[in-house]
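[1] here is the input, now give the coordinates:
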Amino acid sequence: MFETGKPFPNFALPNQDGRIVSLSDYAGKWLVVYFYPKDDTPGCTIQGKSFTATKDEFDAAGISVVGVSQDDVESHKNFCNKFDFKVELLADTNAELMTALGIGQSEWQGMKFWERTTFVIDPEGIVRKVYEKVNPQGHEQVLLEDIKQLREQK
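    Numbering: from 1, shown residues only. Now for the predicted structure:
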């Protein structure tokens, strides 16, 4: 797994609207990048709804949030539209970023999926915290509190 204290790898991935998003788009801001297994599945829906419900809190704190999965742009667009998500979802269809970060894979009912993992990146692009095998229920509140504490330490 990718270690804290290192620069987050640069990326250029399409969002749900097909617009290319890169790490430099978030320079100078705190960034939460959450990786999730698959669009329109129960846990992933909970997580997307939770980040959408707290988007104003993240915005007020100057924190951007993006989700990433191996699903394609069209799948992300449908997922966002179905649940009216307000967070960007990035398509890592070749799993290059997930592989570079060392995100684990698990198997369920004969299918492999990427483990739910979240990275907190500071305004300089440095990984400050990594959460593995995340429980989607309430994770957004943990992040808000932890980032507050990380800011106080700087």
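
[2] return the helix or strand in the chain with minimum mean pLDDT.
    strand 105-108 (a mean of 78; mean pLDDT, DSSP states H and E).

[3] can you list contacts of that one?
    112, 113, 114, 115 (CB atoms under 8 Å, 6 or more residues apart in numbering). Every C-beta, even on glycine, is put in place using the N, C-alpha and C of the backbone.

[4] in strands, which of those residues appear?
    Members of the contacts of strand 105-108 lying in strands (criterion: DSSP state E): 112, 113, 114.

[5] format those residues as a markdown table; extra columns: distance to residue 78 and pLDDT.
    Formatted as a markdown table, the ones in strands among the contacts of strand 105-108 follow (distance: CB to CB, whole Å; pLDDT from 0 to 100):
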| residue | distance to residue 78 | pLDDT |
| --- | --- | --- |
| 112 | 22 | 81 |
| 113 | 19 | 79 |
| 114 | 19 | 89 |
